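> What would the 3D arrangement of this be:
(one chain, ligands or ions: 1)
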Amino acid sequence: MTTTPLLTAQNLHKAYNGKPALKGVNVALQAGEMLALLGPNGAGKSTLLQLLTGLFSPDQGTIVVMGHDMQRHPSRALASLGVVFQQSALDMDLSVMANLLFHTDLHGLPRAVAKQRIADGLAAMGLGDQAKAVVRSLSGGTRRKVELVRALLHEPAVLLMDEATVGLDPASRQHLLDTVRSLCHTRGMAVLWATHLIEEVKVADRLMLLHQGTVRFDGSIDAFMQASQGGDFQTEVLRALEKPSL
Ligand SMILES: Nc1ncnc2c1ncn2[C@@H]1O[C@H](COP(=O)(O)OP(=O)(O)OP(=O)(O)O)[C@@H](O)[C@H]1O
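Now for the predicted structure:
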């Protein structure tokens, strides 16, 4: 059965000063799906995520989120997106609570609903006692978790994560990914998650390999391994990306 994807990007092109960074990329994210976007430095992962979040416009191509065209109706499209970027979006001098309330106000959530979701979100990430802490006083790993709580407060249909596990120790990284994974299952949230950590992508439903602005593979990890040349997962990913390491 085919269903309408929650997010569709078609034929995305983007160049910087005439140098192409994306050359006709297509993405379709289905409800409940976790898609890992893997590629070496400079492959175009951040550029793709910046286009999908409406930060920049593509030179060519279209992006539709929950039926809303990103260029024609950006605020409607963005209302269904949660974003965790490499760069922190938190105000370092405000408390965790103030940062999170700022986000829920932006999305027009009533305060009572906002406070309940914030309490639940912090508790789910093991941060129930950190609401009053000033963000600057938190470790890098804890800030990442707060970023995730923030990104989920308006219950987005689609979550976009760019290297969201950077700075986390292995246990926290696993916890963050498990949390996201269970939201895919329970709420049908779709996730596009850019990373350069090959081993990390094994928990994803689908793998997209990006190299020099072009999609080299898009499908399940099983399909990738079946089409490969018999090496282990890491070896085959590096072969597909023509890299000795990522
Ligand atoms: N603002 C910019 N101005 C000029 N060139 C850029 C800009 N942003 C990215 N590029 C170039 O576009 C290409 C794709 O970069 P991008 O950051 O999207 O890749 P990436 O896969 O996210 O890499 P990384 O993992 O290093 O962040 C690279 O050649 C990069 O140098």
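> List the buried residues in the biggest helix by length in the chain.
Taking DSSP state H as the criterion, the chain has its longest helix at helix 170-187. Of all the residues in helix 170-187, those buried under the rule 16 or more other CB atoms under 10 Å are 172-173, 175-177, 179-181, 183-184. C-beta coordinates here come from the backbone N, C-alpha and C atoms, glycine included.
> tell me what it is packed against?
Helices and strands in packing contact with helix 170-187 are listed as strand 34-38, helix 140-152, strand 158-162, strand 190-195; criterion 3 or more CB pairs under 8 Å, 6 or more residues apart in numbering; DSSP states H and E.
> Just put those in a markdown table and tack on mean pLDDT.
Supplementary listing: the helices and strands packed on helix 170-187 in a markdown table, determined by pLDDT from 0 to 100:
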| stretch | mean pLDDT |
| --- | --- |
| strand 34-38 | 95 |
| helix 140-152 | 92 |
| strand 158-162 | 95 |
| strand 190-195 | 94 |
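> Could you dump the ones you listed into TSV with distance to L246 added?
Rendered in TSV, the data for the helices and strands packed on helix 170-187 read as follows (distance: least, CB to CB, whole Å):
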stretch	distance to L246
strand 34-38	8
helix 140-152	20
strand 158-162	15
strand 190-195	9
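> so can I have JSON lines of these showing mean neighbour count and distance to the ligand?
Output for the helices and strands packed on helix 170-187, formatted as JSON lines (neighbours: other CB atoms under 10 Å; distance: least, CB to the nearest ligand atom, whole Å):
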{"stretch": "strand 34-38", "mean neighbour count": "24", "distance to the ligand": "9"}
{"stretch": "helix 140-152", "mean neighbour count": "21", "distance to the ligand": "17"}
{"stretch": "strand 158-162", "mean neighbour count": "24", "distance to the ligand": "7"}
{"stretch": "strand 190-195", "mean neighbour count": "24", "distance to the ligand": "7"}
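> re earlier: closest to the ligand among the buried residues of helix 170-187?
Closest to the ligand out of those is R173 (17.0 Å), distances taken as CB to the nearest ligand atom.
> close enough to count as contact, the closest one and V203?
No - at 10.6 Å, R173 and V203 do not qualify as touching, with contact defined as CB atoms under 8 Å.
> Relative to Q10, which of the helices and strands packed on helix 170-187 is closest?
With CB to CB as the criterion, Q10 lies closest to strand 190-195 of the helices and strands packed on helix 170-187, at 14.9 Å.
> now that closest one against strand 34-38, angle please.
Between the axes of strand 190-195 and strand 34-38, defined by axes from the mean of the first three to the mean of the last three CA atoms, to 10 degrees, the angle is 20 degrees.
> if I look at the nearest residue to L7 once chain neighbours are set aside, how far off is the ligand?
Nearest-residue entry for L7: L29, 4.3 Å, with adjacent residues in sequence omitted and distances by CB to CB, 6 or more residues apart in numbering. Using CB to the nearest ligand atom, to the nearest Å, one obtains 18 Å as the distance from L29 to the ligand.
> And L29, how close does it get to L94?
If you measure L29 against L94 using CB to CB, to the nearest Å, the figure is 32 Å.
> Compare neighbour counts for the two and give me the winner.
Ranked by neighbour count (other CB atoms under 10 Å), L29 and L94 place L29 first, with 24 against 15.
> and the protein, which of its residues are near the ligand?
Within the chain, the positions adjacent to the ligand are 16, 21, 39, 41-47, 196 by CB under 6 Å from any ligand atom.
> Could you figure out how far the least confident helix or strand in the chain by mean pLDDT is turned away from strand 158-162?
The helix or strand with the lowest mean pLDDT-type score in the chain, counting by mean pLDDT, DSSP states H and E, is helix 170-187 (a mean of 87). With the same axes, to 10 degrees applied, the angle from helix 170-187 to strand 158-162 works out at 160 degrees.
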